[in-house]
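**Q** Next one to model:
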Amino acid sequence: MMRKRLVKRKISSNTYKDRFFTAFNTSFDRFTDKYIIGVKKLIKNQKVAWAGLAVITAIGAFLMMKSPKSFIPTEDDGFVTYNIAMPAGASLA
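**A** Presented below is the predicted three-dimensional model:
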C-alpha cells in the first residue's frame, strides 16, 4: 500500500495509450494485492494449503491413469536428441 502512494502520479494527457496503461496498472495492482492476501491466509492456515496440494496431486495422478496410452507411441525409446549449431571455427573443448 505504501508503494502505491509513493509511485502514484497524475497522467496529464488522456490518450488511448495512457488510459490503457493506467487501467492495466490498476488491475495488476488489484490482482497483486489479492494474491498477497491469499498467500498470507494460506501461510496462516497451512492445513488448507496442504489439503489443496494433496487434491491437485490426486487429480493429476487420476488424470494420468485415465488418459489414453495411445498418446505415447510404442516406438518411443525414452531419450531426447538435440543439435547445437556453432559458428565456423568455434569449438566446445
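**Q** check which helix or strand covers Phe79.
**A** Assessed by DSSP states H and E, Phe79 sits outside every helix and strand.
**Q** sorry, that was for Trp50
**A** helix 46-66.
**Q** Give me the distance between that helix and the centre of its chain.
**A** Relative to its chain's centre, helix 46-66 lies at 18 Å (Cα atoms, centre = their mean, to the nearest Å).
**Q** hey, where'd the helices end up in the chain?
**A** Secondary structure of the chain (DSSP state H): helices at 2-7, 16-44, 46-66.
**Q** circling back to that earlier point, can I get the helix holding Trp50 in PDB, CA atoms only?
**A** Output of helix 46-66 as PDB, limited to C-alpha atoms (Å, rounded to 0.1, in the frame of the first residue of the first chain):
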ATOM      1  CA  GLN A  46      -1.300 -24.500   6.500                       C
ATOM      2  CA  LYS A  47      -3.800 -27.300   6.700                       C
ATOM      3  CA  VAL A  48      -5.800 -25.800   3.900                       C
ATOM      4  CA  ALA A  49      -2.700 -25.300   1.800                       C
ATOM      5  CA  TRP A  50      -1.600 -28.900   2.200                       C
ATOM      6  CA  ALA A  51      -5.100 -30.200   1.600                       C
ATOM      7  CA  GLY A  52      -5.200 -28.200  -1.700                       C
ATOM      8  CA  LEU A  53      -1.800 -29.600  -2.700                       C
ATOM      9  CA  ALA A  54      -3.000 -33.100  -2.000                       C
ATOM     10  CA  VAL A  55      -6.200 -32.600  -4.000                       C
ATOM     11  CA  ILE A  56      -4.300 -31.200  -7.000                       C
ATOM     12  CA  THR A  57      -1.800 -34.100  -6.900                       C
ATOM     13  CA  ALA A  58      -4.600 -36.700  -6.600                       C
ATOM     14  CA  ILE A  59      -6.400 -35.100  -9.600                       C
ATOM     15  CA  GLY A  60      -3.200 -35.100 -11.600                       C
ATOM     16  CA  ALA A  61      -2.500 -38.800 -10.800                       C
ATOM     17  CA  PHE A  62      -6.100 -39.800 -11.600                       C
ATOM     18  CA  LEU A  63      -5.900 -38.000 -15.000                       C
ATOM     19  CA  MET A  64      -2.600 -39.600 -15.800                       C
ATOM     20  CA  MET A  65      -4.000 -43.100 -15.100                       C
ATOM     21  CA  LYS A  66      -7.200 -42.400 -17.100                       C
END
